[in-house]
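In: Sequence and predicted structure, then a few things I'm wondering about:
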Amino acid sequence: MPSLRSFLLASFAVAGALSADCSGDVSIDSDGDVSKLDNCNSWKGNVAVGTGVVALSIASLQTLNGDLTITGATGLTSISAPMLRSISGTWTMQELTILSSVSLASLTSVGNINWVTLPALKALDFTSGVTNCDEVLITDTILTSLDGIQLQTATNFNINNNKYLKEVNVALGNVSNALNIEFNSKGVNVAFPDLVWAKNITIRDAGVVSFPKLESVNGTIAFINNTFTDAAFPELTEVGGSFAFNSNSQLSNVSAVNLETIGGTFQLANNTKLKDIDGFPALTTVDGSVDFSGSFTNATLPSLDDVRGGLNVQTTEEFDCTEFKGYKDSGVIKGNGYTCEGKLDEAKSSSGGSSTSGSGNSSDTTNSAARAGVSIVSLFAACAAMLVL
């Protein structure tokens, strides 16, 4: 049974917290300045951490109703806030060159995460797991994993230029704007086991990809310069924009067996180990163009009945154009551009993808102007750069 003394001490502590002024914007310019938050369980206002702080330790704060901003604190080595459960605003950390420890064991909710240039940050201590965050940008760290980030939904999820990151495995169910995993460790394992819906997806430099539940993408999907061998989308039924695989050097099998519609260009370009394009048996409608180029020997889209744009099929290997010529002759291909060529010295994309070198020539070509178009890769690079900025 608690003693009367213990009870009185606890009561006084609560009374002190209730009477304290726990609101307003505050600056923490030295380690000692954190005492401004000591008597508060909750703080309403923005907290800015200045360049003079070496070890940020917030002992008692449980909720921050505002932003936490830490920029240019080049002497900061550690952040600890064991009781902090939520940050309603944006948690910004930028240019913290020796920060190596971030420990927030109780944290579950953040408005936005904006972390840029944290070259000593190797791991996160988020014991409870951050399950709520609207926008995430993590770039230029030495994180090896995203353990502790367990989001279910997000507007933007952008993880780029983390050279030691070996795995991105996040239980997101939907991403309402953009999912970007780019320029991290070569061969990073990318898995989104619960993702059902996204607006746009860009994956680059991945060694493994897994999207077992993905059903719909409103915008574009692009896989560029990856090293995975297989890519399967067993539940995917529709892509609202373009669906692109460009310069994936080890890709030998790609399939979306239930995919019926693509709202933009369907592009497979310079995937040099992809010999058979036969994983899209249900595809009926492509609102843009069909653009296949590489060193494949077989390509078939058996259910195709409406291509609003043109068709470009080019390969360095022997190829039978009968199926695609039939689509041209029957009016399935409604755009002006039609090219089907095999055994080429160079197989070229019509939409800006990388070309594939080979030898020989056999062709069935109408309107070579179909080879001019907008580069999907360039478009995604520009979008990724805008997100980082």
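Out: Perfect, I can see it now. Residues are numbered from 1 along each chain as shown.
In: care to break the chain down by domain?
Out: Listed by automatic domain parsing, the domain ranges of the chain are 20-128, 216-389.
In: Comparing those domains, which comes out most buried?
Out: domain 216-389 (a mean of 19; mean count of other Cβ atoms under 10 Å). Quick note: C-beta positions are derived from backbone N, CA and C, even for glycine.
In: chain center to it, what's the gap?
Out: Offset of domain 216-389 from its chain centre (Cα atoms, centre = their mean, to the nearest Å): 22 Å.
In: pLDDT of it, averaged?
Out: Mean pLDDT, domain 216-389: 87.
In: do the same with stretch 105-118
Out: 98.
In: which residues are in contact with that stretch?
Out: Contact with stretch 105-118 is made by 62, 67, 81-97, 99, 121, 125-141, as judged by Cβ atoms under 8 Å, 6 or more residues apart in numbering.
In: re earlier: mind putting the domains of the chain in TSV, distance to Asn162 included?
Out: Rendered in TSV, the data for those read as follows (distance: least, Cβ to Cβ, whole Å):
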stretch	distance to Asn162
domain 20-128	9
domain 216-389	12
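In: check contacts around Leu311.
Out: Applying Cβ under 8 Å, 6+ apart, the residues near Leu311 are 289-291, 324, 327-328, 333, 335, 337-340, 370.
In: can we see that at 10 Å?
Out: 266, 286, 289-292, 301, 304, 324-325, 327-328, 332-335, 337-340, 350, 366, 370 (Cβ atoms under 10 Å, 6 or more residues apart in numbering).
In: Just the residues you listed: which are in helices?
Out: Residues of these located in helices (DSSP state H): Phe324, Lys325, Tyr327, Lys328.
In: ok, Asn160 - how many residues close by?
Out: 21 (other Cβ atoms under 10 Å).
In: so how far is Leu172 from it?
Out: 16 Å (Cβ to Cβ, to the nearest Å).
In: Then Ser289?
Out: Counting by Cβ to Cβ - Ser289 and Leu172 are separated by 31 Å.
In: all strands of the stretch 101-250 of the chain, in order?
Out: Assigned by DSSP state E, counting those that start in this stretch, the strands in the stretch 101-250 of the chain fall at 101-103, 109-118, 132-141, 153-160, 167-169, 174-182, 188-191, 197-204, 206-210, 216-217, 221-224, 230-232, 238-239, 243-246.
In: what lines up beside the fourth one in the sheet?
Out: Meaning strand 153-160. strand 132-141 (parallel), strand 174-182 (parallel) (DSSP bridges).
In: okay, the angle between that strand and strand 197-204?
Out: 10 degrees (axes from the mean of the first three to the mean of the last three Cα atoms, to 10 degrees).
In: between strand 153-160 and strand 109-118, how big is the angle?
Out: Using the same axes, to 10 degrees: strand 153-160 against strand 109-118 is 10 degrees.
In: Quick check: mean pLDDT of strand 153-160?
Out: Here the average pLDDT along strand 153-160 is 98.
In: The third one now?
Out: If you average the pLDDT over strand 132-141, you get 98.
In: Next, the distance between the ends of stretch 212-219.
Out: From its first residue to its last, stretch 212-219 covers 19 Å (Cα to Cα, to the nearest Å).
In: One more: stretch 115-132?
Out: Using Cα to Cα, the span of stretch 115-132 from its first residue to its last is 16 Å.
In: same thing with stretch 164-179?
Out: Start-to-end, stretch 164-179 (Cα to Cα) is 20 Å.
In: buried ones in it?
Out: Leu165, Glu167, Val168, Val170, Leu172, Asn174, Val175, Asn177, Ala178, Leu179 (16 or more other Cβ atoms under 10 Å).
In: now the strands paired with strand 153-160 in CSV, with distance to Thr51?
Out: Converted to CSV, the strands paired with strand 153-160 look like this (distance: least, Cβ to Cβ, whole Å):
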stretch, distance to Thr51
strand 132-141, 19
strand 174-182, 31
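In: want to throw the strands of the stretch 101-250 of the chain into TSV with distance to Phe296?
Out: Formatted as TSV, these follow (distance: least, Cβ to Cβ, whole Å):
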stretch	distance to Phe296
strand 101-103	47
strand 109-118	41
strand 132-141	36
strand 153-160	31
strand 167-169	29
strand 174-182	26
strand 188-191	25
strand 197-204	21
strand 206-210	20
strand 216-217	24
strand 221-224	16
strand 230-232	15
strand 238-239	21
strand 243-246	12
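In: what does the model give Gly102 for pLDDT?
Out: Not Gly; residue 102 is Val. Reading off the model, Val102 has pLDDT 97.
In: what about Val168, distance to Phe233?
Out: From Val168 to Phe233 the distance is 17 Å (Cβ to Cβ).
In: what does Gly52 give?
Out: Gly52 sits 51 Å away from Phe233, going by Cβ to Cβ.
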